[in-house]
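Undergrad: what shape does this take:
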Amino acid sequence: MTTVFSNADQLLAATGRDLGVTDWIAVTQERVNLFADATGDHQWIHVDPERAREGPFGGCIAHGYLTLALVNLFLPQLIRVDNLSMGVNVGCDRVRFPSAVKVGARIRGRGEILRVEQIGEGARASIQSTVRVSIEIEGSERPGCVVDTISRYTFNSVPERETT
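TA: Residues are numbered from 1 along each chain as shown. Just a heads-up that it's a prediction; the model follows:
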């Protein structure tokens, strides 16, 4: 279930919050092949099932960067920030690939808000959050990818109340 934040105060109070998990998705050979085509990375451990069967993983594995890219699929399932004038991806910290993701495996995202801070002052202020997303592999103790994503949000201004 997606955790929803509607204003800056809610998000600022969320440091340490567990965002839960997403639905599982299957890592198919078709998805791996499409990623190989998009990036030009056609290494045999990703796209040659017969050769990969004899390789170190016993079959094809997803590209590490494909696993990382799927964070973009999982993140909106974990967290949604409403009432924005703008939201941007600032970057990532500490990307790691603890375990290979085999073709045919099912994976999901698990999220945790590591920190939230205000950037700037007044009308130009924005809120920056760092969310750790772990790509869990069904049946494995080790994740396929762990990344700390950094997002910056500018909320819509709230009109001041008129006094009478």
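Undergrad: for the chain, what's the longest helix?
TA: helix 29-39 (DSSP state H).
Undergrad: just give me how far the helix or strand just after it sits from the chain centre.
TA: Sequence order places helix 44-47 as the next helix or strand after helix 29-39, per DSSP states H and E. Averaging C-alpha positions (C-alpha atoms, centre = their mean, to the nearest Å) puts helix 44-47 24 Å from its chain's average.
Undergrad: same question for stretch 135-151.
TA: Distance, centroid of stretch 135-151 to centroid of chain: 9 Å (C-alpha atoms, centre = their mean).
Undergrad: mean confidence for it?
TA: Averaged over stretch 135-151, pLDDT sits at 98.
Undergrad: show me the strands in this protein, by range?
TA: 3-5, 18-21, 25-26, 79-81, 84-96, 106-119, 126-137, 145-155 (DSSP state E).
Undergrad: output those in a markdown table; the columns should cover mean neighbour count and distance to Phe57.
TA: (C-beta placed from N, C-alpha, C; glycine too.) Putting the strands of the chain into a markdown table (neighbours: other C-beta atoms under 10 Å; distance: least, C-beta to C-beta, whole Å) gives the following:
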| stretch | mean neighbour count | distance to Phe57 |
| --- | --- | --- |
| strand 3-5 | 17 | 34 |
| strand 18-21 | 16 | 25 |
| strand 25-26 | 13 | 17 |
| strand 79-81 | 19 | 32 |
| strand 84-96 | 12 | 18 |
| strand 106-119 | 18 | 15 |
| strand 126-137 | 22 | 12 |
| strand 145-155 | 20 | 16 |
